[in-house]
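Asker: one predicted model, sequence on top.
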Amino acid sequence: MFSKDRFVIELDDRYFNQKDLINAACEYLNNQGKKCEIVDIYFTY
């Protein structure tokens, strides 16, 4: 179901909040032909 594999991607822009970073990473993976879906964004501070 879920994988614990980790990977590193390099994005061209800098993101200052976690929501924008997650969206950019998901968009990058979708453009690479991978399937990415944001299920839930839960922040604790």
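Answerer: Received, thanks. Residues are numbered from 1 along each chain as shown.

Asker: alpha carbons only for contacts and neighbour counts from here, please
Answerer: Fine.

Asker: what about the helices in this protein?
Answerer: 18-31 (DSSP state H).

Asker: quick one: low-confidence parts of it?
Answerer: The chain contains residues with pLDDT under 70 at 1-3, 43-45.

Asker: mind listing what's buried in stretch 25-39?
Answerer: By neighbour count, with 16 or more other Cα atoms under 10 Å as the criterion, the buried positions of stretch 25-39 are Cys26, Tyr28.

Asker: residue contacts, the closest residue to Asn30 other than its chain neighbours?
Answerer: Using Cα to Cα, 6 or more residues apart in numbering and skipping residues adjacent in sequence, the residue nearest Asn30 is Cys36, 6.0 Å away. Contacts for Cys36 (Cα atoms under 8 Å, 6 or more residues apart in numbering) come out as Cys26, Glu27, Leu29, Asn30.

Asker: wait, which of those residues is closest to Arg6?
Answerer: Arg6 has its nearest neighbour among those in Leu29, at 13.5 Å by Cα to Cα.

Asker: how much space separates that closest one from Cys36?
Answerer: Applying Cα to Cα, to the nearest Å, the value for Leu29 to Cys36 is 6 Å.

Asker: same question, Tyr28
Answerer: Separation of Tyr28 from Cys36 (Cα to Cα) stands at 9 Å.
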